[in-house]
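> everything below, folded, please.
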Amino acid sequence: MAFQFKADESVAKRVRRIAGTQIDQALGELKGSDAAAPEDVVHRIRQRLRKVRALIRLTRGGLGGKLADREDARFRDAGRPLSELRDASVLVQTLDRLAEWSAGQIGPESIGPVRDFLLGLKGEVDRRVLDEGKALEELVETLEKARREVKRWEVAGHDWDALEVGLRRIYKRGLGAFHEATDAPTDEGLHEWRKRVKDLRYALDMLLPIRPGFIEDRAVAAHWLADLLGEDHDLVILRDSIQAIGDGEAETASAATLLPLIDGRRAELQRDAIALGRDIFGERPGVFVARFGAYWRAWRSEAEASKFDPP
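Sure thing, here's the model as predicted:
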């Protein structure tokens, strides 16, 4: 329930509680991690930051555009070094998944030179970002300051009014990115759509208590869509990294084998993503938001009525 709204809280209390909990958990993981910054720790911290940003975007109507933009930028900038670490660490995993998907079309002798290159690249990024850049120490300072300021966030509006603007904006941006990715897919456009889908997924997670059965199905679908687009983005990074490999004979042969497989897997992922996107973004923004507003008001009315029920 830490990332979900509660019926007995004011909007301001909900927002401060969720943001504060995510920051506290990120700080706990940062201070408990070792200097090597294990991949799972980096992944969890990035998720915490993304959840805070999704909360800010959902409650934009209550926070106001100026505060929302400032805080969104703060958490975006704070997480950028971790994004580089994540991209470097996921490359080997992406290569291994590609080999599994290809059903034996490539063997260890084909991927070995590229795998070695990617492992070396990961080590280089770890040293530069963690050791030289002191990324984790700076992130701790940023989050500690943010944690103090979250307690002073002002949230205007009454109940649904604080959420309606943000939910409409999240869905509308996701719908627009879906159309762009469908009409003329580009690497940048697909990645943008992935980010907008994540915003929607986290918004649905927060709103889950207001209509659990209905919203959970859509949250699961949004999660699946984000995973499809995430794998596609990882393959873009893998392709770019492979093309940056030098002119060694083994590396060149390995790249020539892998690049067509990357393109084939991406085509499959994009077909699946667009098909799923039609289901998720099949409504007009006004209809989508009106339904959630009705669910919210019914949920709050039930909570109010329960206060007067006899024990």
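
> contacting residues around stretch 267-284?
With contact meaning C-beta atoms under 8 Å, 6 or more residues apart in numbering, stretch 267-284 is reached by 171, 174-175, 178, 181-182, 185, 190, 193, 197, 200, 218, 221-222, 224-225, 228-229, 231-232, 235. Bear in mind the C-beta positions are built from the backbone N, C-alpha and C, glycine included.

> buried stuff in that stretch?
Neighbour-count burial for stretch 267-284, counted by 16 or more other C-beta atoms under 10 Å, picks out 269-270, 272-274, 276-277, 280-281.

> in strands, which of the contacts of stretch 267-284 appear?
Assigned to strands by DSSP state E, none of the contacts of stretch 267-284 qualify.

> low-confidence stretches in the stretch 101-250 of the chain?
Across the stretch 101-250 of the chain, the ranges flagged by pLDDT under 70 are 132-133, 246-250.

> would you list every one of the helices in it?
Counting by DSSP state H, counting those that start in this stretch, the stretch 101-250 of the chain has these helices, from start to end: 108-126, 135-150, 161-183, 187-207, 212-243, 249-280.

> winner for burial among the ones you listed?
Mean neighbour count (mean count of other C-beta atoms under 10 Å) peaks for helix 187-207 among the helices of the stretch 101-250 of the chain, with a mean of 22.

> start and end of stretch 152-163, how far apart?
Length of stretch 152-163, first residue to last, C-alpha to C-alpha, to the nearest Å: 19 Å.

> give me the residues contacting it.
Contacts of stretch 152-163 (C-beta under 8 Å, 6+ apart): 11-12, 15-16, 19, 58-59, 61-64, 67, 71, 293, 296-297, 300.

> run the chain-centre distance for that stretch.
In terms of C-alpha atoms, centre = their mean, to the nearest Å, the centre of stretch 152-163 is set 24 Å apart from its chain centre.

> buried ones in that stretch?
153, 155, 157, 160, 162-163.

> distance to S110 added to those residues, as TSV?
Shown next, in TSV, are these (distance: C-beta to C-beta, whole Å):
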residue	distance to S110
W153	53
V155	55
G157	58
W160	56
A162	55
L163	51
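
> greatest separation within those residues: which pair is it?
For the buried residues of stretch 152-163, the maximum inter-member distance is 18.4 Å, found between W153 and W160 (C-beta to C-beta).

> nearest to V41, of the helices of the stretch 101-250 of the chain?
That would be helix 135-150 among the helices of the stretch 101-250 of the chain, by C-beta to C-beta, at 9.5 Å.

> tell me the centre residue of the protein?
K198 (4.6 Å; C-alpha atoms, centre = their mean).

> check contacts around that one.
So K198 contacts 50, 54, 226 (C-beta under 8 Å, 6+ apart).

> ok, these vs L204, which is closest?
For these, the minimum distance to L204 (C-beta to C-beta) is 9.9 Å, reached by A54.

> next, the contact list for the nearest residue to G230 once chain neighbours are set aside, please.
Closest residue in space to G230, ignoring its immediate chain neighbours: R194 at 6.1 Å, by C-beta to C-beta, 6 or more residues apart in numbering. For R194, the contact set (C-beta under 8 Å, 6+ apart) comprises 226, 229-230, 232-233.

> P108: which of the buried residues of stretch 152-163 is nearest?
L163 (51.8 Å).

> rewinding a little: and the contacts of stretch 152-163, which of them are buried?
Using 16+ other C-beta under 10 Å, the buried members of these are 11-12, 15-16, 19, 58-59, 61-64, 67, 71, 293, 296, 300.

> mark which of these are part of strands, please.
Per DSSP E, those never map to strands.

> farthest-apart pair in the residues you listed, please.
E71 and R300 (25.8 Å).

> I figured E192 hits G176, correct?
No - judged on C-beta atoms under 8 Å, E192 makes no contact with G176 at a distance of 9.4 Å.

> once you drop chain neighbours, what's closest to L49?
Nearest non-adjacent residue to L49, counting by C-beta to C-beta, 6+ apart: G79, 4.3 Å away.

> contacts only, for the one you found.
45-46, 49-50, 139.

> in contact with G64, which residues?
G64 makes contact with 154, 156, according to C-beta under 8 Å, 6+ apart.

> heads up, I number from 20, so please use that
Sure, I'll start counting at 20 from here, so that last one is G83.

> separation between it and E28?
Look at G83 and E28: by C-beta to C-beta, to the nearest Å, they are 20 Å apart.

> what does D259 give?
Separation of D259 from E28 (C-beta to C-beta) stands at 45 Å.

> got it, and D106?
From D106 to E28 the distance is 37 Å (C-beta to C-beta).

> which of these two has more residues huddled nearby?
Between D106 and E28, counting by other C-beta atoms under 10 Å, D106 is the more crowded of the two (19 against 14).
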